[in-house]
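give me the fold of what follows.
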Amino acid sequence: MCAFFFSRSVAVSLSDPTSRVPSSQRDVSADSGAPNTWRVFERALSQLGCTRYGLLLFGAACQCITIAITWPLWQVREMPPHLPTFDLPQISFGWILVASLVWVAVRPRSGLAVHWGVLIVAAVLDQFRLQPQFFSIAVLMTACVWDAGHRIARWSLVSTWVWAGVHKLLSPDWFGYASHWLVARSGLDADATYMSFALVVALVELAVGVLAIFRPRWAAPACAVMHVGIALTISPLLVDWNESVLPWNLSVAVIGSWVLLTTKPWYPVAAWEKLVCAVGLIAPVGFYGGYVDHGFSGVLYSASIPQGLITSRSGTRPIEGWGDLHVPFPKERRTIRIYFEQVAEPGGKLHLADIRPWLKDAFYVLNSNRDAVAIDRDEFFSNMPVGSLGSATVEISGVGVDSWRSKFELQKAGVRMVRQAEGQPIFAVEFTPENFDASLLEHVVRLPNVMQIQLAGTSVQDADLRKLVDLRLLTGIGLDRTSVTDEGISHLRDLPYLQYIECDETSITAEGLDAVVKKTFGPPD
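Prediction:
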């Protein structure tokens, strides 16, 4: 990088930035031709030094490439809709962001302040832009300009790595379908290696984060190898995936390693730095309560994020990302709800499924004012009117989100799951005596559209049926040749559509059936 800037002869010596050549003594040839373009960079180079300035330009280039990859995200658009924090007029930010990066190259300090301001305003106007890679690269660029930014960047990396490992270790989804999917898409034998892959990745991320706290210089090569490895690993997967994280991984590998190599004090200096770093280290625990976005909590590929499914008169629509914006949907409870209000028609319903232990699923219907109104589970699955939602409301029965984790665990156990058609939700589950395990019933409940369960001949017990009370659409259950009694089926008495129970060769009585089975025509289609 130094050779690049010194390749042209300049009138001011970079080794002595205080020296200046009077304009009257300049070479006439310099004035007669085009102005020396590189002169505008001299001040920045002299302020930061060759290494810092070169890394700053590298970070700006990575940010510019990321913006180019996601260019439609920064424009005014119709679909996918904007997800505004406040209802304000939309403007296009693409060229403004590029201009701010040019400013960074010429005047790093004021340019970075402007770049941060533009990023924040753009995210406020559209929460689709709350993608962590944009802000992380900005933090790394800040590390190249200010000493305080250098220290904050170091602790930002620590927080990202430590929490990325912790979230994975705490995530059943990571030790299930998420890691299996990643390994399978890499072309390896996923069934044989996904568990060891999941454990190794989580422990490596955690170890690098801890190393960056106590031995930052040792963590530097680990940082470079890990993020270059991630970039190489995910590159073959980027068809319909998140290619915008590639520049971020490269910027962390280069600038992040430099930050760790050049770290002097291991702790923040000023009081405000300590506060910023402490918040960065502690705040990610708020993810489990829904208080901090997963993208800013180090939740990387652990899959422990909420999901949304919209039901309308024309069918269902999962809330996903990608598409023309080339970024994932920022799946938070509030953004899923805002998206629902933007795209659904009155009478449409939303199932917001959340697997975090501190949070519960939520159900909504859109009223005539295009407000999402919270309803209970039975109202969601029913097509009966829900309160007073306006004359324009057309009631439909909602379709729930099938849990990826549950589908993976049931499939791994050999449990048969039946759909009415490809892409439709699972409506029937069949166990055999060989694959039945009472713990798997907890996964069946995470398939909320199930209407039939076959348990004939299995070792199911009375207490096990208590786990099925949230299957509100259940119409029939097969219990032939089981030890279930009237006490067991009594747990199902509150299911609104249960119409038949197969109970040959059991101790279930006619009186027990009459107390549970409903004399209705079942749930709506």
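
G94 reaches V76, doesn't it?
No. The pair G94 / V76 is not scored as a contact, 10.1 Å apart, by Cβ atoms under 8 Å. Glycine gets a C-beta too; all of them are placed from N, C-alpha and C.

more crowded one of the two?
G94 (16 against 12; other Cβ atoms under 10 Å).

ok, and the closest non-adjacent residue to the more buried one?
W74 (4.0 Å; Cβ to Cβ, 6 or more residues apart in numbering).

what do you get for R107?
In space, R107 is closest to A44, 6.7 Å off (Cβ to Cβ, 6+ apart).

in a helix, the one you found, correct?
Yes. A44: assigned to a helix according to DSSP: H, G, I helix; E, B strand; the rest coil.

near it, how many other residues are there?
20.

how near is it to R52?
10 Å (Cβ to Cβ, to the nearest Å).

now do the biggest helix by length in the chain: which elements does it pack against?
For the chain, the helix that runs over the most residues, judged by DSSP state H, is helix 190-214. Using 3 or more Cβ pairs under 8 Å, 6 or more residues apart in numbering; DSSP states H and E, the elements in contact with helix 190-214 are helix 147-169, helix 179-185, helix 216-234.

residues in contact with that helix?
154, 157-166, 168-169, 174-175, 178-184, 218-219, 222-223, 226, 260, 266, 300 (Cβ atoms under 8 Å, 6 or more residues apart in numbering).

now, of the residues you listed, which are buried?
Neighbour counting by 16 or more other Cβ atoms under 10 Å classes 154, 157-166, 168-169, 174-175, 178-183, 219, 222-223, 226, 260, 300 among those as buried.

tell me how far stretch 74-90 lies from the chain's centre.
Its chain's average C-alpha position is 20 Å from that of stretch 74-90, according to Cα atoms, centre = their mean, to the nearest Å.

buried sites along it?
In stretch 74-90, counting by 16+ other Cβ under 10 Å, buried: 74, 77, 80, 82-84.

again, but for stretch 419-426
Buried, per 16+ other Cβ under 10 Å, within stretch 419-426: 425-426.

endpoints of that stretch, how far apart?
5 Å (Cα to Cα, to the nearest Å).

likewise for stretch 276-295?
18 Å.

show me which residues of it are buried.
276-277, 280-281, 284, 287-288, 290, 292-295.

and A428, backbone torsions?
A428 adopts backbone torsions of phi -140, psi 140, taken as degrees, to the nearest 10.

right, and it touches I453 too?
Yes. Counting by Cβ under 8 Å, I453 is a contact partner of A428 at 7.5 Å.

picking that back up, need the helices and strands packed on helix 190-214 in a markdown table with distance to V118 and mean pLDDT, can you?
Shown next, in a markdown table, are those (distance: least, Cβ to Cβ, whole Å; pLDDT from 0 to 100):
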| stretch | distance to V118 | mean pLDDT |
| --- | --- | --- |
| helix 147-169 | 18 | 94 |
| helix 179-185 | 34 | 87 |
| helix 216-234 | 26 | 90 |
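
hmm, back to that, between the buried residues of stretch 276-295, which sits nearest I396?
G290 (27.5 Å; Cβ to Cβ).

tell me the confidence at that closest one?
Looking at G290, its pLDDT is 93.

separation between it and T482?
On the measure of Cβ to Cβ, G290 and T482 end up 40 Å apart.

then E345?
Taking Cβ to Cβ, one finds E345 at 45 Å from T482.

which of these two has more neighbours?
Counted by other Cβ under 10 Å, E345 and T482 do not tie: T482 has more neighbours, with 26 against 15.

neighbours of the nearest residue in space to that one that is not next to it in sequence, how many?
Excluding the flanking residues, the one nearest T482 by Cβ to Cβ, 6+ apart is V460, at 5.3 Å. By other Cβ under 10 Å, the residues close to V460 number 21.

surely V460 is in contact with L440?
No. In this structure V460 lies outside contact range of L440 using Cβ under 8 Å: 10.6 Å.

can you pull the contacts of the residue nearest to T482?
Counting by Cβ under 8 Å, 6+ apart, V460 has contacts 436, 438, 479, 482-484.

can you flag the buried ones in those?
436, 479, 482, 484.

save those residues as TSV, and put in distance to D371, pLDDT and secondary structure too.
As requested, the buried ones among the contacts of V460 are arranged in TSV below (distance: Cβ to Cβ, whole Å; pLDDT from 0 to 100; DSSP: H, G, I helix; E, B strand; the rest coil):
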residue	distance to D371	pLDDT	secondary structure
F436	45	96	coil
L479	44	97	coil
T482	47	96	coil
V484	45	96	coil
